[in-house]
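Visitor: Predicted structure and sequence below. I'll ask about it afterward.
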Amino acid sequence: MSVRTAFAGMRRVADVVFRAGCPDCRGSFELGAGALRLAIGASSKTTFYSFTCPECGASVRKPAGERVVELLTGGGVRTLRLHSTL
């Protein structure tokens, strides 16, 4: 079952939060959808999500597989679709 199917017809009652971690300071925290950005590229190497660590301020970029993309888009994370120049 996809996230879209699971939440079909539901109204947003509470903000969605995502658990994340920083590889620099090793902090673990929750971020709202507005704190994350998702970039979807033509391959797994160009599909990633990013955020700024609220504890140390580092810019974090992590790969996003199909399931992560599905969860983030279903949770309202802003998405940028990258296009190939070829």
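Guide: All right, it came through fine.

Visitor: For this protein, which residues score under the pLDDT cut-off?
Guide: Across the chain, the ranges flagged by pLDDT under 70 are 1, 3, 7, 9-14, 84-86.

Visitor: how about stretch 48-61: buried residues?
Guide: Across stretch 48-61, burial judged by 16 or more other Cβ atoms under 10 Å covers F48, Y49, F51, C53, V60. The way it works is simple: take the backbone N, C-alpha and C, and place the C-beta from them, glycine included.

Visitor: Just name the closest of those residues to G75, please.
Guide: Set against G75, the nearest of the buried residues of stretch 48-61 by Cβ to Cβ is Y49 (11.0 Å).

Visitor: Which strand residues bridge that closest one?
Guide: L38, K62 (DSSP bridges).

Visitor: And G75, how close does it get to G57?
Guide: G75 sits at a distance of 24 Å from G57 (criterion: Cβ to Cβ, to the nearest Å).

Visitor: And for E70?
Guide: Counting by Cβ to Cβ - E70 and G57 are separated by 29 Å.

Visitor: do A42 as well
Guide: 31 Å.

Visitor: same check, this time on L36
Guide: Look at L36 and G57: by Cβ to Cβ, they are 16 Å apart.

Visitor: cool, L71 as well?
Guide: 25 Å.

Visitor: Ok, A64 next?
Guide: As judged by Cβ to Cβ, A64 and G57 stand 22 Å apart.

Visitor: mind checking the end-to-end distance for stretch 27-43?
Guide: Length of stretch 27-43, first residue to last, Cα to Cα, to the nearest Å: 29 Å.

Visitor: Identify all contacting residues around it.
Guide: Stretch 27-43 has contacts (Cβ atoms under 8 Å, 6 or more residues apart in numbering) with 15-22, 46-56, 64, 69, 72-73, 75-84.

Visitor: Just the residues you listed: which are in strands?
Guide: 17-21, 48-52, 78-81 (DSSP state E).
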